[in-house]
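Asker: Below is the sequence, then the predicted model.
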Amino acid sequence: MAATTKPQTTPRQGCEFVTDKQSADRYGVHKATIHRWVKEGNFPKPIKLGPNCTRWKLSDLEAWEKSQQEAC
């Protein structure tokens, strides 16, 4: 019997991913707004993890937040 690898249950620091809904909730906007911001070049680009799985790296969002604060 071949050994199986257990999936990673705890994300490594800097490798956490969030959905468009989680991103929208984080900023108090609609999911469509997140996608519009990406299209306009005003928000980090998502990462395509699979055919039906698009996510944003949390570290990218945190860097974007910092850049927004510095622009004020």
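Answerer: Received, thanks.
Asker: So which residues of this protein form strands?
Answerer: 17-18, 47-50, 53-57 (DSSP state E).
Asker: How confident is the prediction for the residue lying closest to K21 once chain neighbours are set aside, by pLDDT?
Answerer: Spatial nearest neighbour of K21, chain neighbours left out: K31 (5.8 Å); criterion: C-beta to C-beta, 6 or more residues apart in numbering. Glycine gets a C-beta too; all of them are placed from N, C-alpha and C. In this prediction, K31 carries a pLDDT score of 97.
Asker: same deal with C15?
Answerer: Value listed for C15 in the pLDDT field: 82.
Asker: Using CSV, list the CA coordinates for stretch 28-41.
Answerer: The C-alpha trace of stretch 28-41 is given here as CSV (Å, rounded to 0.1, in the frame of the first residue of the first chain):
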residue,chain,number,x,y,z
GLY,A,28,-17.1,46.5,2.7
VAL,A,29,-17.8,46.3,-1.1
HIS,A,30,-19.6,43.9,-3.4
LYS,A,31,-17.7,41.1,-5.1
ALA,A,32,-18.3,42.8,-8.5
THR,A,33,-16.4,45.8,-7.2
ILE,A,34,-13.3,43.7,-6.4
HIS,A,35,-13.4,42.3,-10.0
ARG,A,36,-13.9,45.8,-11.4
TRP,A,37,-10.9,47.2,-9.4
VAL,A,38,-8.7,44.3,-10.8
LYS,A,39,-9.9,45.1,-14.3
GLU,A,40,-9.1,48.8,-13.8
GLY,A,41,-5.6,47.9,-12.4
